[in-house]
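Visitor: Compute the structure for the input listed below.
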Amino acid sequence: MELKTMKISTATSSSNPLRGLKLAALALGSSLVLAGCAGNPPTEQYAVTQSAVNSAVSAGGTEFAAVEMKSAQDKLKQAEIAMHDKKYDEAKRLAEQAEWDARVAERKAQAAKAEQAVKDSQKGVQELRQESQRTVQ
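Guide: Below you'll find the predicted structure:
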């Protein structure tokens with residue numbers, strides 16, 4: 001029984017060097033591919049984020065969603081610094097976060113403006129009612 005076990009383990013170990021070499025080559029190739037991806041600056045994401053921040057500012061984000069705008073602008077600045085330092089993964093993550101903060105700010109500004117428009121309309125309707133009641137009496 002022992003002899004058989006030794007024979008099997010010897011046979012298995014003779015094929016291991018080839019298998020190990022294949023795994024090592026696969027691991028090396030994968031790491032090179034990943035390193036190549038990590039080495040690209042996220043310029044497209046940065047441009048999308050900058051556009052989102054500009055849209056939020058145009059929509060009134062600085063007035064109606066100051067906290068979100070500040071967060072978006074701060075993260076965009078941090079992303080710019082990370083890109084300069086060639087920390088591309090961090091730059092992309094920060095740019096994505098800044099984009100979403102900017103989008104939230106834009107939506108909040110739009111909602112606040114819509115709410116103000118509704119209030120103005122209601123006030124106008126109320127004034128028209130009061131005026132129509134004065135002319136009837």
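
Visitor: Okay, helices next: where are they in this protein?
Guide: With DSSP state H, the ranges of helices along the chain come out as 2-38, 43-58, 61-64, 66-84, 88-136.

Visitor: Can you tell me the closest non-neighbouring residue to Gln97?
Guide: Lys75 (5.1 Å; Cβ to Cβ, 6 or more residues apart in numbering). Quick note: C-beta positions are derived from backbone N, CA and C, even for glycine.

Visitor: That neighbour and Trp100, how far apart?
Guide: Per Cβ to Cβ, to the nearest Å, Lys75 is found 9 Å from Trp100.

Visitor: Have a look at the two and say which one is more surrounded.
Guide: Set side by side, Lys75 and Trp100 show more neighbours around Lys75, with 22 against 15, by other Cβ atoms under 10 Å.

Visitor: Verify the stated contact: that one with Asp101.
Guide: Yes: with contact defined as Cβ atoms under 8 Å, Lys75 reaches Asp101; the gap is 6.4 Å.
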